[in-house]
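Novice: I'd like to go over a predicted model; first the sequence, then the structure.
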Amino acid sequence: MSPPVQTLITSEKIPAATDVVIIGGGMAGIAAAWHLARRGSAVVVVEKGAIAAEQSSRNWGWCRQQNRDPRELPLAQHALRLWGDLDATIGEDTGFRRTGLVYASNDPQDVATWENWGRIARPMGVDTRMLSGSEVAKFLPGNNRSWQGGVYSPSDGRAEPERAVPALARAAQRAGAVIVQNCAARALETTGGSVSGLVTEQGLIRCSRVLVAGGAWSGMFLRHHGLTFLQASVKSTSFYTTPADAVTEGGIFMPEVTLRRRLDGGYTVGLSGQGQLQITPYGLLQARAFWRMFKSKRKGMTFGIGRQFFEGPEALARWSADSVSPFERTRVLDPPADRVLVARGLKTLQDAYPALRGIRAAQSWGGMVDSTPDIIPVISAVAARPGLFIASGFSGHGFGIGPAAGQLAAELIRGDPPCVDPRPFRYERMIDGTDLGNPGLL
Ligand SMILES: Cc1cc2nc3c(=O)[nH]c(=O)nc-3n(C[C@H](O)[C@H](O)[C@H](O)COP(=O)(O)OP(=O)(O)OC[C@H]3O[C@@H](n4cnc5c(N)ncnc54)[C@H](O)[C@@H]3O)c2cc1C
């Protein structure tokens, strides 16, 4: 079942021409559209289903610098600055609150990892603070477990995924962006090797620049044009609860379960580290590139095979610009929640917080987390195809970083000075033999 994302009134028809077309109405595409439109570019977003119906409404709503890979930390820091002013700038409530986030664990390995990360991050200006076991207890009133240690990031926060991207989309529309839902992108049109348009299920939009922000589907679209994009998806289960006492105003990470206070008084609960890797044709073909990543994250991972093998973003698929594409066959990627994980998550939460006994899971859902081998996104031009840009592969953290990722994408597209050094996010690292290093933290 999908989370109850706000619906949006959008244009029915595509225009004949524009400056930039964006494929995908998730956080990445909508944030880029907002920044482009504000800077005066004519921009069209085509979304195969509904705005924010895939990952961008299914996430936990954490907006954090804490535990970011140092390569993307400057972008995460910039994103937190943008979140702080966003509601005032767009005149809407995205649900962002700078509440701080707390991580707690009994695994000495976790505590050591956070300590190491803090040593790198503090000189970069992050106000993260290690907590002893007794300090964790003070930060988590009502939690009856004892902890070895934890970490607190006071300037991080949380927002409401079901409303943030629709709010940003309305702001983009007010700034002049055209958004068309139920309109899949099928293929690029090129002239002399450069982008000259995008063929959609409604027909051609002439343009000189296209941004691929298709979330889990970006790899499939790019493969259709002979471009390798290393991307693998893991299914994650989440749910939200009925309203309950406020045991936190922010977010709490415990090794088996995470919780985030919602504006409606309930909690969004995530099953940390308990994903399902679905066996798919491209998953198998690209397994070597992801080997280090899976090795470091395999604890808690299960394996499954199902419809994704034939219909999902990593399936084998062929289509032409004038025939129905796989994107139209799956308007919304809506994997089912794992009921066993929901029951286990609720029990773990209630065991830790007796005050929450009696709450129920009001709604549960599955979501595909798309990841790159080094767990940082691609936000980049594609050198081999002038006019083509990518903002994708957000590896489980694209919601919080989204407002800044969209800004960087818009700046690259326009040729404006970038807000951060874009080199860590370059596309060519995936294809030029660069050692992608050990994967960062999720
Ligand atoms: C369970 C879960 C928990 C998470 N928790 C967090 C968190 O707490 N904090 C955080 O920062 N991140 C979190 N994330 C990650 C975050 O949600 C994603 O990184 C982010 O939403 C990705 O945004 P996106 O725009 O790249 O992709 P999406 O939101 O998936 O959007 C891509 C859109 O492109 C559309 N599309 C694809 N192909 C085409 C096509 N050919 N034509 C037209 N449209 C197309 C799709 O329909 C989709 O709407 C979580 C993710 C999950 C699943």
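Specialist: Now that the structure is in, tell me what you want to look at.

Novice: can you show me the strands along the stretch 101-250 of the chain?
Specialist: 101-105, 129-132, 149-153, 157-158, 178-180, 185-191, 194-200, 203-206, 209-212, 232-241 (DSSP state E, counting those that start in this stretch).

Novice: now do the helix-or-strand element of the chain with minimal mean pLDDT: distance to the chain's middle.
Specialist: Least confident helix or strand, the chain: helix 287-297 with a mean of 82, by mean pLDDT, DSSP states H and E. Using CA atoms, centre = their mean, to the nearest Å, the distance from the centre of helix 287-297 to the centre of the chain it belongs to is 20 Å.

Novice: circling back: I'd like the strands of the stretch 101-250 of the chain as a markdown table, with distance to Ala79, mean neighbour count and mean pLDDT appended.
Specialist: Where you see a C-beta, it was placed from the backbone N, CA and C, and this is true even at glycine. As requested, the strands of the stretch 101-250 of the chain are exported to a markdown table (distance: least, CB to CB, whole Å; neighbours: other CB atoms under 10 Å; pLDDT from 0 to 100):
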| stretch | distance to Ala79 | mean neighbour count | mean pLDDT |
| --- | --- | --- | --- |
| strand 101-105 | 14 | 25 | 97 |
| strand 129-132 | 20 | 16 | 96 |
| strand 149-153 | 13 | 23 | 96 |
| strand 157-158 | 11 | 27 | 98 |
| strand 178-180 | 22 | 22 | 98 |
| strand 185-191 | 26 | 19 | 98 |
| strand 194-200 | 28 | 20 | 98 |
| strand 203-206 | 29 | 17 | 98 |
| strand 209-212 | 18 | 28 | 99 |
| strand 232-241 | 21 | 25 | 94 |
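
Novice: can you put those strands in CSV and add distance to Pro281?
Specialist: Compiled in CSV, these are given as follows (distance: least, CB to CB, whole Å):
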stretch, distance to Pro281
strand 101-105, 36
strand 129-132, 44
strand 149-153, 39
strand 157-158, 37
strand 178-180, 30
strand 185-191, 20
strand 194-200, 25
strand 203-206, 30
strand 209-212, 20
strand 232-241, 12
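
Novice: pLDDT (mean, whole number) over stretch 54-73?
Specialist: Here the mean pLDDT over stretch 54-73 is 96, rounded to a whole number.

Novice: and the residue lying closest to Arg360 once chain neighbours are set aside, what does it touch?
Specialist: When the adjacent residues along the chain are set aside, Arg360 lies closest to Thr242, with 5.0 Å between them (CB to CB, 6 or more residues apart in numbering). The contact partners of Thr242, taken as CB atoms under 8 Å, 6 or more residues apart in numbering, are 266, 359-360, 362.

Novice: quick one, phi/psi of Thr242?
Specialist: Main-chain torsions, Thr242, degrees, to the nearest 10: phi -70, psi 160.

Novice: per-residue confidence at it?
Specialist: If you check Thr242, the pLDDT there is 97.

Novice: nearest residue to the closest residue to the ligand within the stretch 1-150 of the chain in space, please, no chain neighbours.
Specialist: In the stretch 1-150 of the chain, no residue comes nearer to the ligand than Gly26, which is 2.1 Å away by CB to the nearest ligand atom. Nearest non-adjacent residue to Gly26, counting by CB to CB, 6+ apart: Ser56, 4.0 Å away.

Novice: what about the residue of the stretch 101-250 of the chain found nearest the ligand, distance to Glu162?
Specialist: Proximity of the stretch 101-250 of the chain to the ligand (CB to the nearest ligand atom) peaks at Gly215, 2.5 Å away. In this structure, Gly215 and Glu162 are 16 Å apart, going by CB to CB, to the nearest Å.

Novice: more neighbours, these two?
Specialist: For the pair Gly215 and Glu162, the greater number of neighbours falls to Gly215 (28 against 23), based on other CB atoms under 10 Å.
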